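> The following block contains a protein sequence and its predicted model.
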Amino acid sequence: MSIINNALTGAHAAQIALDTTSQNIANVMTPGYTRQGTLMVSQRATQAGQISPGDGVKVPSLIRFSDDYKNLQRWQAASELSQRSIPQPYLTQLEQVMGDDTSSINSGLDGFFGALNAASVEPTSMPLRQQVITSARALAQRFNNLNEVLSNQQTSISRQRASTVEQVNSVSQAVADLNDDIGIAQATGTNASALIDARDQKIDELASLVGVQVVDQPDGSRSVSLRDGQPLVVGGRASTLSIVTGPAGSQTLQLSFASESFTITSNRLGGQLGGLNDFERDVLSPLRQSVADMASEVADKVNTQFSAGYSLSGATPTPPPPDGPLFQFDSSGSTGVLSVPDGVLPADLAFSSDATKPGNSDNLLAVIALKGQPISVASLGSVLMGDANTQLIGRVAMQSQQNQASLATAETVRNQAEESWKSTSGVNKDEEAVSLMQYQQMYQANLKVIAVANQLFDSTLAMMAG
């Protein structure tokens, strides 16, 4: 009887819908889970005649509530958030170190020129002369301390970049493997929704490491590439990202796919790799050069001016700049960019401008005046010696504030993208509870139809037996 067949198809469809609803409820707290629905289609009548209503209902497939545009928004937001969050700890450390009044270069310069001013009152005083040497060493140590912080940050960035590259390779391979698994599932008629969820999660993870472009392929796979088009994943094959270290310690990214290799020169990497590159290029490298320039200029100008004067014995200082007579500058910075040799003695300081007048302080006053004279510093141009470090601190503070503002915006965009994704793909407990009751009622109603059909059949048999 068609009434029983129709009711059986209805009960079967309701059972599938209940299974799907239970799956959604079970995964209400599962990160990245995409809710599913049941697609029901009325079966056309197979019996001839205008009075045949149809052959019930069928479930040709389940619906996966996914929006590719919203997925793309999530991945782009993940990339931007990582790009802004990764450099902030470095910027915060620089602000704290450079802005510390007790250990900053500014305090070192103030101490050094303060000692020179004190010595100008009594140029022949050995204790005051020794204080100049002591304050010069303190200034050199402040330069070296900041240089060490910058060198440590450079080392940390190099290691973090290497670790991130390994993660990119691992996650890319996972996406490629899931592409294969999804293809097999679809070929065998298996529901691949869980595999697609896992792949989307991996792409989201990959997007946080480096900015990506994602393209859906007809076979169900997803191709993933860098923003400039270099392939990371094509079907079941993943590329390999590596680091090439130059002779000066510089790092260059290289991408190998199949038999091709690409050198990554773009500034649009995005993600953690992009954030590391941006910080190194825009903040760290210019700052290291600026600190080296400051140390070099201080050493050169002070040494040059001292070499024009005379010591207590009436002799001119030796050796000449840049190796003396007070500061030594090391351009490599391997043991510190600035130092004061142990052999410098208080009596060697050339305060006098007259070899016959050891108590003269004219050359000392010329050294003191250097603080108000311009020096050339990378990223700043020509700036007064006493203002150079202050401007560097201000520049770092501005870069940090700009990054914090961008980070706050990126966090807001990411949260909005997550909420937008959840509005389509997330599980709503209230909606699922309503669906559960509706499908339960549908199932029970179809069983009731079957019971009525059985009663009619029994009544028909009773009439025929009578």
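Sure, I can see it.

> need the longest helix for the chain.
Longest helix in the chain, counting residues (DSSP state H): helix 126-187.

> Which is the succeeding secondary structure element to that helix?
Helices and strands here follow DSSP states H and E; after helix 126-187, the next one along the chain is helix 193-209.

> does the residue nearest to Ser266 when sequence neighbours are not counted sit in a helix, a strand or a coil?
The shortest distance from Ser266 to any non-neighbouring residue, by Cβ to Cβ, 6 or more residues apart in numbering, is to Asp228 (4.8 Å). Any C-beta I mention is one placed from the backbone N, CA and C, and that applies to glycine too. With DSSP: H, G, I helix; E, B strand; the rest coil as the basis, Asp228 sits in coil.

> same check, this time on the one 4 residues further on
The local conformation at Leu232, judged by three-state DSSP, is strand.

> just to revisit the earlier point, next one: the longest helix of the chain to chain centre, how far?
Distance of helix 126-187 from the chain centroid (Cα atoms, centre = their mean, to the nearest Å) equals 12 Å.

> how far away is Tyr443 from Asp19?
To Asp19, Tyr443 is 11 Å away according to Cβ to Cβ, to the nearest Å.

> Could you check which of those two has the larger neighbour count?
The residue with more neighbours, out of Tyr443 and Asp19, is Tyr443; 18 against 14, by other Cβ atoms under 10 Å.

> burial of the nearest residue to Arg137 once chain neighbours are set aside, as a residue count?
Excluding the flanking residues, the one nearest Arg137 by Cβ to Cβ, 6+ apart is Val340, at 4.7 Å. Per other Cβ under 10 Å, the neighbour tally for Val340 reads 20.

> Could you verify my assumption that Val340 touches Ile133?
Yes - between Val340 and Ile133 a contact is recorded at 6.5 Å, counting by Cβ atoms under 8 Å.

> hey, what's in contact with both of these two?
Shared contacts of Val340 and Ile133, defined by Cβ atoms under 8 Å, 6 or more residues apart in numbering, comprise Leu326.

> Would you map the strands across the stretch 1-150 of the chain?
Remark: strands assigned in the stretch 1-150 of the chain by DSSP state E, counting those that start in this stretch are 36-42, 57-64.

> quick revisit: can you report how many residues lie near the residue nearest to Ser266?
Asp228 - counted by other Cβ under 10 Å - has 14 other residues nearby.

> Same question for the one 10 residues further on.
For Ala238, the number of neighbouring residues by other Cβ under 10 Å comes to 23.

> Show me the beta-bridge partners of it.
Val233 (DSSP bridges).

> my guess is it meets Ala176, correct?
Yes - judged on Cβ under 8 Å, Ala238 makes contact with Ala176 at a distance of 4.1 Å.

> Okay, Thr412 and Ala405: tell me how far apart.
From Thr412 over to Ala405 the distance is 11 Å, taken as Cβ to Cβ.
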